[in-house]
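S.K.: What follows is a predicted protein model with its sequence.
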2 protein chains.
Amino acid sequence: MVSKLIEKIQKTKAPICVGLDPMLGYIPEQVKEKAFKELGETLEGAAEAVWQFNKTIVDATADLIPAVKPQIAMYEQFGIEGLKVYERTVKYCQDKGLLVIGDVKRGDIGSTSAAYAAGHLGTVQVESRTYEGFHSDFVTVNPYLGTDGVKPFVDVCSQCDRGIFVLVKTSNPSSGEFQDRVIDGRPLYELVAEKVVEWGEASMDGEYSNVGAVVGATYPEMSRILRRLMPKTYFLVPGYGAQGATAQDLRYCFNEDGLGAIVNSSRGIIAAYKKEQYASFGADHFGDAARQAVVDMIADIGSVL
Amino acid sequence: MVSKLIEKIQKTKAPICVGLDPMLGYIPEQVKEKAFKELGETLEGAAEAVWQFNKTIVDATADLIPAVKPQIAMYEQFGIEGLKVYERTVKYCQDKGLLVIGDVKRGDIGSTSAAYAAGHLGTVQVESRTYEGFHSDFVTVNPYLGTDGVKPFVDVCSQCDRGIFVLVKTSNPSSGEFQDRVIDGRPLYELVAEKVVEWGEASMDGEYSNVGAVVGATYPEMSRILRRLMPKTYFLVPGYGAQGATAQDLRYCFNEDGLGAIVNSSRGIIAAYKKEQYASFGADHFGDAARQAVVDMIADIGSVL
């Protein structure tokens, strides 16, 4: 699967993904009003507003980008209705030719991780029949439980040509509380990185592995070290834009071949119309604002590669 | 919320919860056959089999126990249809007077963790209206992202009278890969434990905190230390029975007042009819077998308290 991602990145010349994290506060009033008028101020109404918002963003940006990253929590908060829109968004994006990175941060043990992997990446068996669950192309995985928790995902990567990104060093302010703690002279995130390399050897796909890593852009010195430790690991990089990281900070996430990383931006793209820089588009043209923000992000990152 | 859990534990004299992890392989053939005959070998059919299985287990055991712990992965693997049955199971158990520990192991950053907390424990706002999502009483939370990831859950614990169990030392064989690594002379799980205590101070409910910890029964020496480090923290204890831990191994998880821990058993209860010990019940009476397994588990744990 990572070879497909690379192919799409090379075709679009855009090592980026758009984070579909549709908080209600990001959705323009006219979209919400229409949905609530049709379905009431209900979970169905909220889900419909999310769906219409997503559809406009995806339609406006799909030809420019290789992938999207829906954050499942933003859908899960609306219960079943929200998750139906998550599923619909995954399918819609795939039909548009985009790869979908389900940001689910799942992780459990043995058969439980296997169930998550089946439901989100692979297929589930019901007697003699085989079904797809949420069926994204990649998911994010939490490593706290060790190999037991990650291996079932890796197995599905190999069997079904899928990919994962394991949390190594996250972009948030408190990520250092545990991840940076020093063990035998080295921070925990480096030990996790070494395991990611080990797990990844079981699912190589060309020069890179289907087992990638989440490496926050907000800690550039750390990403430089992690890049060296994990030369064949693709990085999913959060933290650009709204979280404060700049294109300069991203340099170390890439290999010398210009590959090795895909940078996510959520708020900076999907809520671009709210930023002064794109205010002239107006809320009615939030899709166009998102498109311009994507164009600018591609140019910004391109300038350091 | 933890005071409600304690009250129910004292009333039932059963510091246990039944893990509702309905893998299709655990469900008796007659239950599956009926569901597949009605709805075909479909995701709906699988979900219906899970629902009928759960209902029988819950009906057979509800008067003996304080709580259940559905493992959401086992539902999520069947997509939307599975998650409908998860929701239905949560509601059914609560209507029966049981507390529900949603074993979701979520954890992300800031607004994303807040969305998970709203969707699983609290309420979600849609304009002027307030809705419940999956609405369990407790959930399990992964601490790898640090305070940013956990605090939004703690806030909901305080605001909505709910509880969480943070993964500290899990019961699986590879849990030591990261959790046992030594930092300044102490294993990572002790540092997580100290954070759990700190987070828990913001949501005390009587003698104990609404912020609990997952501490595997499979590592008794570690649970002895963790019990001392976290005197006011309730432990959710996996690993009893099928994973190999005995009642003796559980002793250290409890405080001297006989409180402080709730022990989970999943396979050992819900698939009891498959064990030689309960084979005489037969697959037709799998609920009765589960009930007897609960009675035996209560006696077994009672013997060491």
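M.R.: Nice, thanks for sending it over. Just so we're clear, the structure is a prediction, and the values are computed from it rather than from any experiment.
S.K.: Now residue A:168: phi and psi?
M.R.: When quoted as degrees, to the nearest 10, the phi and psi of residue A:168 stand at phi -110, psi -70.
S.K.: That one: how many residues sit nearby?
M.R.: Neighbour count of residue A:168, defined by other Cβ atoms under 10 Å in any protein chain shown: 31. All C-beta spots, glycine's among them, are computed from the backbone N, C-alpha and C.
S.K.: Which residue comes closest to it once chain neighbours are left out?
M.R.: Leaving aside its chain neighbours, residue A:168 sits nearest to residue A:213 (4.4 Å; criterion: Cβ to Cβ, 6 or more residues apart in numbering or on different chains).
S.K.: Ok, residue A:56 next?
M.R.: The shortest distance from residue A:56 to any non-neighbouring residue, by Cβ to Cβ, 6+ apart, is to residue A:287 (4.3 Å).
S.K.: Show the residue spans covered by the strands in the stretch 151-300 of chain A.
M.R.: Here the stretch 151-300 of chain A has its strands, by DSSP state E, counting those that start in this stretch, at A:163-169, A:182-183, A:186-187, A:204-205, A:208-215, A:233-237, A:261-265.
S.K.: need the contact list for residue A:125.
M.R.: A:131, B:24 (Cβ atoms under 8 Å, 6 or more residues apart in numbering or on different chains).
S.K.: what helix or strand does it sit in?
M.R.: In this structure, residue A:125 is located in strand A:123-126 according to DSSP states H and E.
S.K.: got a list of what residue A:304 touches?
M.R.: The contact partners of residue A:304, taken as Cβ under 8 Å, 6+ apart, are A:247-248, A:250-251.
S.K.: For it, report the pLDDT, please.
M.R.: At residue A:304, the model reports a pLDDT of 89.
S.K.: I'd like to know how far it sits from chain B.
M.R.: From residue A:304 across to chain B, the span is 25 Å (Cβ to the nearest Cβ, to the nearest Å).
S.K.: That residue: what secondary structure?
M.R.: On the three-state scheme (DSSP: H, G, I helix; E, B strand; the rest coil), residue A:304 is labelled coil.
S.K.: Next up, the contacts around residue A:200.
M.R.: By Cβ under 8 Å, 6+ apart, the residues touching residue A:200 are A:154, A:209-212, A:232-233.
S.K.: tell me which residues in the strand holding residue A:125 are buried?
M.R.: If you call a residue buried by 16 or more other Cβ atoms under 10 Å in any protein chain shown, then strand A:123-126 has these buried ones: A:123-124, A:126.
S.K.: Please apply the same query to stretch A:1-15.
M.R.: Across stretch A:1-15, burial judged by 16+ other Cβ under 10 Å covers A:1-2, A:4-6, A:8-9, A:12, A:14-15.
S.K.: Same check on stretch A:59-77?
M.R.: A:60-62, A:64-77.
S.K.: got the residues of the stretch 151-300 of chain A near chain B?
M.R.: Within reach of chain B by Cβ under 8 Å from any Cβ of the partner chain, the stretch 151-300 of chain A has these residues: A:167, A:170-179, A:181-184, A:188, A:191-192, A:195.
S.K.: Just the ones of those residues in helices?
M.R.: For those, membership in helices holds for A:176-179, A:188, A:191-192, A:195, with DSSP state H as the criterion.
S.K.: Among these, which one lies nearest to residue A:220?
M.R.: residue A:176 (14.3 Å; Cβ to Cβ).
S.K.: how about residue A:301, what does it touch?
M.R.: Applying Cβ under 8 Å, 6+ apart, we find residue A:301 in contact with A:15-16, A:240, A:247, A:250, A:263.
S.K.: can I get those residues in CSV with pLDDT?
M.R.: Shown next, in CSV, are the contacts of residue A:301 (pLDDT from 0 to 100):
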residue, pLDDT
A:15, 98
A:16, 98
A:240, 91
A:247, 91
A:250, 93
A:263, 97
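S.K.: one step back: ok, so of the buried residues of stretch A:1-15, who is nearest chain B?
M.R.: residue A:1 (19.8 Å; Cβ to the nearest Cβ).
S.K.: got a list of what that closest one touches?
M.R.: Residue A:1 touches A:99, A:137-138, A:157, A:161-163, A:205, A:210, counting by Cβ under 8 Å, 6+ apart.
S.K.: same check, this time on residue A:295
M.R.: Listed by Cβ under 8 Å, 6+ apart, the contact set of residue A:295 reads residue A:64.
S.K.: got the domain boundaries for chain A?
M.R.: Under the assignment automatic domain parsing, the domains of chain A span A:1-106+A:266-300, A:113-234+A:243-261.
S.K.: follow-up on the earlier one: return only those of the buried residues of strand A:123-126 found close to chain B.
M.R.: Filtering those for proximity to chain B (criterion: Cβ under 8 Å from any Cβ) leaves A:124, A:126.
S.K.: hang on, the earlier thing: just the buried members of the contacts of residue A:304?
M.R.: Among the contacts of residue A:304, those classed as buried by 16+ other Cβ under 10 Å are A:247, A:250-251.
S.K.: got a list of contacts for the strand or helix carrying residue A:89?
M.R.: Secondary structure from DSSP H and E places residue A:89 in helix A:79-95. Outside of helix A:79-95, the residues within contact range by Cβ under 8 Å, 6+ apart are A:20, A:42-44, A:46-48, A:50-51, A:54-55, A:58, A:62, A:68, A:70, A:72, A:74-76, A:78, A:100, A:102, A:134-137, B:79-80, B:83-84, B:87, B:119, B:131-134.
S.K.: residues of stretch A:269-277 that come out buried?
M.R.: Residues A:269-273 are the ones in stretch A:269-277 that count as buried (16+ other Cβ under 10 Å).
S.K.: actually stretch A:29-42, sorry about that
M.R.: Residues of stretch A:29-42 classed as buried: A:31-32, A:35-36, A:39, A:41-42 (neighbour count, 16+ other Cβ under 10 Å).
S.K.: gap between the residue nearest to residue A:168 and residue A:184?
M.R.: Note on residue A:213: its distance to residue A:184, by Cβ to Cβ, to the nearest Å, is 21 Å.
S.K.: ok so, going back, which of the residues of the stretch 151-300 of chain A next to chain B are buried? Put it as a ChimeraX command.
M.R.: Here is the ChimeraX command that selects the buried residues among those (16+ other Cβ under 10 Å):
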select /A:167,170,171,172,174,175,176,177,178,179,181,183,188,191,192,195
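S.K.: hmm, back to that, the helix or strand following the strand holding residue A:125 near chain B at all?
M.R.: Per DSSP H and E, strand A:123-126 leads on to strand A:129-132 as the next helix or strand towards the C-terminus. Yes. Looking at strand A:129-132 against chain B by Cβ under 8 Å from any Cβ, the contacts come from A:129, A:131-132.
S.K.: Now which of those residues would you call buried?
M.R.: Applying a neighbour-count criterion of 16+ other Cβ under 10 Å, the buried members of the residues of strand A:129-132 next to chain B are A:131-132.
S.K.: Using TSV, lay out the residues of strand A:129-132 next to chain B together with pLDDT and distance to residue A:283.
M.R.: Below are the residues of strand A:129-132 next to chain B laid out as TSV (pLDDT from 0 to 100; distance: Cβ to Cβ, whole Å):
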residue	pLDDT	distance to residue A:283
A:129	96	46
A:131	97	40
A:132	93	36
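S.K.: so can I have CSV of the residues of strand A:129-132 next to chain B showing distance to residue A:259?
M.R.: Listed next are the residues of strand A:129-132 next to chain B as CSV, based on distance: Cβ to Cβ, whole Å:
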residue, distance to residue A:259
A:129, 39
A:131, 34
A:132, 29
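S.K.: of all the strands of the stretch 151-300 of chain A, which lies closest to residue A:27?
M.R.: Of all those, strand A:261-265 sits nearest to residue A:27, with 17.3 Å by Cβ to Cβ.
S.K.: ok, residues contacting that closest one?
M.R.: If you take Cβ under 8 Å, 6+ apart as the criterion, strand A:261-265 is touched by A:5, A:9, A:15-19, A:66-67, A:69, A:215, A:217, A:234-238, A:240-242, A:250, A:253-254, A:293, A:297, A:301.
S.K.: Understood, closing this out.
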